[in-house]
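In: Structural data only, the sequence is not supplied:
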């Protein structure tokens, strides 16, 4: 798939054939890291692209007051050997995986390592929590740095994710789940990139795509709707009907690019975090963009992002601003 076009300010080229790492998984041998590994392996198999398993390690500057304090084995060697043992656990878990796999120790800060590798990846996958390194700090530096600066979509896999039971290659076989892929949209180019990535994910899984536009309470949304004032349920219903017309145009646009995909569009009044949390319980993937006009997208790297990543009932994909030639015919969004 080639989604690349001429570079525009603030966007990242995304030509998949120039991303040899395929699906990159941050792995630390924890339970959460193993769930991320499973998710990433299935994603790579689904797309028929390589899987790259990465474990990071850091080496503190050595300061020794006496010669006797110098260790017999250099710290770098100890860290590298420990990292290889972690990767060995990934090798064991993936022993029957039928696809192409690469194992990669990486020196450096966890978030920085993943951000750097994301420029050569189609997808980066991490677990919600873990021992340390990538996953233990997910709700800290990784949660803010990786989705904000990654040059490809990032999937955060929660504890509730259920790895497929089975033996051999069947463990990684495509799922027969029928729950939809859900994506938050606000009509901005950034959220439309997220919609296209969500449509791709739904098509890969052969499941419906559900477009969600969140209408916050009018008394908290005046910056998004400057012509509005909070007057009650009647105004909320009227505004929801207006937005549904705009959302239908978005649905028709996506449908033109994915004619065989079942796509529905919904305007959901409420708090963005609450809406996405509730909807994620009935979705196999929830997709959001890193920024947009308002609501979910513009606040993603603030309170909304942290709350959605922490509270979502299933995997969450965060999509950065990517170049996509299909944006050339995007409809005008009427607010």
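Out: Yes, it's here. What you see is a predicted model, and the numbers here were worked out from it, not measured in a lab.
In: how close does residue 56 get to residue 326?
Out: Noted for residue 56: a distance of 35 Å to residue 326, by C-beta to C-beta, to the nearest Å. C-beta: built from backbone N, CA, C; applies to glycine.
In: Of the two, give the one with the bigger neighbour count.
Out: Applying other C-beta atoms under 10 Å to residue 56 and residue 326 shows that residue 56 carries more neighbours, namely 23 against 18.
In: Then the more buried one would be within a strand, right?
Out: Yes - counting by DSSP: H, G, I helix; E, B strand; the rest coil, residue 56 is located in a strand.
In: longest single helix anywhere in the protein?
Out: Identified as the longest helix of the chain according to DSSP state H is helix 233-257.
In: next structured bit after that helix?
Out: Using DSSP states H and E, the next helix or strand after helix 233-257 towards the C-terminus is strand 263-269.
In: Tell me which helix or strand comes right after that following strand.
Out: Per DSSP H and E, the first helix or strand lying C-terminal to strand 263-269 is helix 272-280.
In: buried stuff in that following helix?
Out: Within helix 272-280, the residues scored as buried using 16 or more other C-beta atoms under 10 Å are 272, 273, 275, 276, 277, 279, 280.
In: still on that earlier bit, report the buried residues of the longest helix of the chain.
Out: For helix 233-257, by 16+ other C-beta under 10 Å, it's 236, 239, 240, 243, 246, 247, 250, 251, 253, 254, 255.
In: now do stretch 189-204
Out: Neighbour-count burial for stretch 189-204, counted by 16+ other C-beta under 10 Å, picks out 189-202.
In: could those residues go into JSON lines alongside distance to residue 170, pLDDT and secondary structure?
Out: As requested, the buried residues of stretch 189-204 are exported to JSON lines (distance: C-beta to C-beta, whole Å; pLDDT from 0 to 100; DSSP: H, G, I helix; E, B strand; the rest coil):
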{"residue": "189", "distance to residue 170": "41", "pLDDT": "79", "secondary structure": "helix"}
{"residue": "190", "distance to residue 170": "39", "pLDDT": "80", "secondary structure": "helix"}
{"residue": "191", "distance to residue 170": "37", "pLDDT": "85", "secondary structure": "helix"}
{"residue": "192", "distance to residue 170": "37", "pLDDT": "90", "secondary structure": "helix"}
{"residue": "193", "distance to residue 170": "34", "pLDDT": "92", "secondary structure": "helix"}
{"residue": "194", "distance to residue 170": "32", "pLDDT": "91", "secondary structure": "helix"}
{"residue": "195", "distance to residue 170": "33", "pLDDT": "95", "secondary structure": "helix"}
{"residue": "196", "distance to residue 170": "31", "pLDDT": "95", "secondary structure": "helix"}
{"residue": "197", "distance to residue 170": "28", "pLDDT": "95", "secondary structure": "helix"}
{"residue": "198", "distance to residue 170": "27", "pLDDT": "97", "secondary structure": "helix"}
{"residue": "199", "distance to residue 170": "28", "pLDDT": "97", "secondary structure": "helix"}
{"residue": "200", "distance to residue 170": "25", "pLDDT": "96", "secondary structure": "helix"}
{"residue": "201", "distance to residue 170": "22", "pLDDT": "96", "secondary structure": "helix"}
{"residue": "202", "distance to residue 170": "24", "pLDDT": "97", "secondary structure": "helix"}
